[in-house]
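Enquirer: Provide a 3D model corresponding to the input given below.
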Amino acid sequence: MTEKLLRPLRTCPWPERWLTRVLGAALSCAAYLVCLPWDLRDRPEIPGSTVETTPVTGTGVVALAVVLVLLAVHFGLRDALAWPLLLVAAPPATLLYVSLRTHPGAPDGFADVWPLTWAAVTLLAAAVVLVVASVARQFRADVADALEEEYAPAGRH
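Expert: This next block holds a predicted model:
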């Protein structure tokens, strides 16, 4: 059972390959929606208070990061290098963009900073996913077999 879950997706039939990819993208979307609130604006701590608090918690951010790293490892082991970016990093980046775009900030002079926030978070997430997937690819059995075959002496083929 484990070898079926960890074999490269290119060796799987196309329905299984695409179902796995769609499930991965759905899991990254679900992780974002569960770990981070939809409306990211700061709110008064209590009605009438001047102290604001954000609904984003450190625990939610860490939980989202852990789920995305695990998905990046999985797709790094099983698929081509571009797929983890598309399946793991892109869905939360899209949801963050929509969330920031549809909920305008407070009129305190920082309302138009959301594109920088989105770009920074997206670049950080994409870089982490790419590095994690690249490291995971180093542990693929088929890559090791291909390298061994490539560097074998000519008479041993």
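
Enquirer: who does the one helix or strand residue 120 maps to touch, helix- and strand-wise?
Expert: According to DSSP states H and E, residue 120 maps onto helix 114-137. When contacts are defined as 3 or more Cβ pairs under 8 Å, 6 or more residues apart in numbering; DSSP states H and E, helix 114-137 packs onto helix 58-78, helix 82-84, helix 90-102. Placement of C-beta: from N, CA and C, glycine included.

Enquirer: what is the rounded mean pLDDT of that helix?
Expert: With pLDDT averaged residue by residue, helix 114-137 scores 93.

Enquirer: tilt between that helix and helix 58-78?
Expert: 40 degrees (axes from the mean of the first three to the mean of the last three Cα atoms, to 10 degrees).

Enquirer: check which residues of helix 114-137 are buried.
Expert: Neighbour counts over helix 114-137 (16 or more other Cβ atoms under 10 Å) mark 114, 118, 121-122, 125-126, 128-130, 132-133, 136-137 as buried.

Enquirer: okay if I get the helices and strands packed on helix 114-137 as CSV plus mean pLDDT, distance to residue 33 and mean neighbour count?
Expert: As requested, the helices and strands packed on helix 114-137 are exported to CSV (pLDDT from 0 to 100; distance: least, Cβ to Cβ, whole Å; neighbours: other Cβ atoms under 10 Å):
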stretch, mean pLDDT, distance to residue 33, mean neighbour count
helix 58-78, 94, 10, 18
helix 82-84, 92, 20, 20
helix 90-102, 90, 7, 17
